[in-house]
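Asks: Build me a model from this:
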Amino acid sequence: MDKEILKVMNIQKFYGSRGNVTKAINNISFTVVEGEYVAIMGASGSGKTTLLNCISTIDSVTSGNILIGNEDITKFKDKKLAKFRREELGFIFQDFNLLDTLNAYENIALALTICKINAEIIDKRVKEVAMKLNITDVLYKFPYEMSGGQKQRVASARALISNPKLILADEPTGSLDSKSAKMLLESLVNLNEQLNATIMMVTHDAFSASYAKRILFIKDGNLFNELIRGKDSRKEFFNKIIEVVTLLGGDQRDVF
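Replies: This is a model prediction of the structure:
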């Protein structure tokens with residue numbers, strides 16, 4: 001039986017006050033099992049980023065429950081939330097967010113250093129993840145000395161270093177040119193397939209979403225549709241995504 005990593009149960013998120021309430025998320029439920037690569041798609045304002053923010057503990061739900069592993073994060077207080085975010089979640093940002101004053105090794109190790117993990121354990125983990133992502137040769141280089149692809153792999157290593165239950169990516173290709181975007185997407189596929197990383201990616205872009213194994217479509221705060229790639233080629237999956245986007249009523253120019 002597949003192990004559930006994420007369980008979202010009847011969550012709602014409202015903004016505003018009486019008489020002027022916006023329902024950003026309206027009673028959404030779904031699960032993600034270990035080793036899945038799930039994309040969340042929807043037009044701007046659909047609620048997809050709010051959903052990710054609630055799962056990442058950056059925002060809180062109005063009602064409902066979110067379980068990561070077996071822990072209900074909606075019950076956590078601030079201090080426990082910060083610890084959970086640091087130790088159990090990995091984040092991949094569209095602009096990498098590497099610190100320019102630290103070399104690759106230090107950027108990757110930072111989360112463990114903050115947690116005051118033993119230096120020998122940190123060294124072992126950094127070198128293991130660097131070997132898996134083929135960045136051993138850039139560990140002592142600073143970001144300005146690295147190519148875009150190397151920075152991507154360093155950022156991925158940093159997301160993986162604490163062995164997170166879930167890796168979250170919010171529009172990770174948003175500020176990249178097409179070549180760099182493709183490299184990042186292939187890097188996410190490798191994390192998923194070779195290291196069994198569980199990934200959830202928010203995107204409005206059909207090309208990016210076509211790299212995932214399953215897609216949840218959000219419309220007006222509701223779960224509108226779901227697509228599972230199965231044995232489809234990426235091109236076949238892409239075409240199915242475009243069909244659903246058309247059903248959503250979105251302009252296709254929004255999703256390329």
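Asks: contacting residues around residue 71?
Replies: Residues near residue 71 by Cβ atoms under 8 Å, 6 or more residues apart in numbering: residue 84. Every C-beta, even on glycine, is put in place using the N, C-alpha and C of the backbone.
Asks: give me the beta-bridge partners of it?
Replies: On the basis of DSSP bridges, residue 71 is bridged to residue 68.
Asks: any idea how far it is from residue 201?
Replies: 22 Å (Cβ to Cβ, to the nearest Å).
Asks: swap in residue 129?
Replies: 20 Å.
Asks: Next: residue 236.
Replies: For residue 236 relative to residue 201 (Cβ to Cβ), the value is 20 Å.
Asks: Looking only at neighbour counts, state which of the two leads.
Replies: Shown here are residue 236 and residue 201; by other Cβ atoms under 10 Å, residue 201 has more neighbours (26 against 13).
Asks: Shouldn't the more buried one be within a helix?
Replies: No: read with DSSP: H, G, I helix; E, B strand; the rest coil, residue 201 is strand and lies in no helix.
Asks: so it makes contact with residue 169?
Replies: Yes: with contact defined as Cβ atoms under 8 Å, residue 201 counts as touching residue 169 (4.2 Å).
Asks: shared neighbours, those two?
Replies: residue 188.
Asks: Residue 90 in helix, strand or coil?
Replies: Quick answer, by three-state DSSP: residue 90 is strand.
Asks: oh sorry, the question was meant for residue 137
Replies: Reduced to three states with three-state DSSP, the structure at residue 137 is helix.
Asks: What about residue 31? Give its phi and psi, please.
Replies: phi -130, psi 150 (degrees, to the nearest 10).
Asks: what bridges to it?
Replies: Beta-bridge pairing for residue 31 (DSSP bridges): residue 7.
Asks: again, but for residue 203
Replies: Beta-bridge partners recorded for residue 203 (DSSP bridges): residue 41.
Asks: okay, it: pLDDT?
Replies: At residue 203, the model reports a pLDDT of 91.
Asks: how about it, what does it touch?
Replies: By Cβ under 8 Å, 6+ apart, the residues touching residue 203 are 39, 40, 41, 171, 172, 173, 209.
Asks: pLDDT check: weakest of these?
Replies: Across the contacts of residue 203, the bottom pLDDT score, 79, is held by residue 173.
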